[in-house]
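[1] Fold the stuff below for me.
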Amino acid sequence: MSGSVTMLEKGRTENPGLPKVFRRPSGGLVLVLEAKGIRCKTFNDSEIIAHYLSYKIKREGRTFEEALRASLDDFDGVFSYLVATESQIGAVRDRLGIKPILFYQNDSLLLLGSEQVSFEAVDPDIYATEMAPGEVKTWSKN
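    Numbers count the residues shown, from 1 in each chain. Predicted coordinates for the structure are as follows:
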């Protein structure tokens, strides 16, 4: 990923296999990233997810979608997140499906949200589709 990245996330990513001192949001993932030479400024999930995706794409040569899919294997917790680059948008919902992501798409519009009411605020006739647990979706700029 090059250029700007925008992140929105809901929930918590954790790694319960680590000692309790590291069992805070993304604590385990911070250790993994730091072992690979990536320095994180905080334990903020959005920062960690952005660094993780960048690492997967730039250093491992994965595509945007492959990096998003890999996060399902590497992140523990209940979460959903959206990430937007200059040319792509990706959405990920954890395998348990606790934190929802809904989307609506037609020929000229893409809407993403976590509740149906947010879509109805745009147009009362819009009915959004809920992503399935463990689902990853991507959209590219045309």
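
[2] Which residue is the nearest non-sequential neighbour of residue 89?
    residue 139 (4.7 Å; Cβ to Cβ, 6 or more residues apart in numbering). Quick note: C-beta positions are derived from backbone N, CA and C, even for glycine.

[3] Could you check how many residues crowd around that neighbour?
    Neighbourhood size, residue 139 [other Cβ atoms under 10 Å]: 15.

[4] contacts for the helix or strand containing it?
    Here residue 139 sits within strand 136-140, counting by DSSP states H and E. Strand 136-140 is contacted from outside by 64-65, 68-69, 72, 87-93, 103, 105, 110, 131, using Cβ atoms under 8 Å, 6 or more residues apart in numbering.

[5] Render the CA-only coordinates of the helix or strand bottoming out on mean pLDDT in the chain in PDB, please.
    Using mean pLDDT, DSSP states H and E, the weakest-scoring helix or strand in the chain turns out to be helix 27-35, at a mean of 71. Output of helix 27-35 as PDB, limited to C-alpha atoms (Å, rounded to 0.1, in the frame of the first residue of the first chain):
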ATOM      1  CA  GLY A  27      -0.800  -6.400  21.900                       C
ATOM      2  CA  GLY A  28       0.400  -9.800  20.400                       C
ATOM      3  CA  LEU A  29       0.400  -8.500  16.900                       C
ATOM      4  CA  VAL A  30       2.500  -5.500  17.900                       C
ATOM      5  CA  LEU A  31       5.200  -8.000  19.100                       C
ATOM      6  CA  VAL A  32       5.000  -9.900  15.800                       C
ATOM      7  CA  LEU A  33       5.300  -6.700  13.800                       C
ATOM      8  CA  GLU A  34       8.200  -5.400  15.900                       C
ATOM      9  CA  ALA A  35      10.000  -8.700  15.500                       C
END
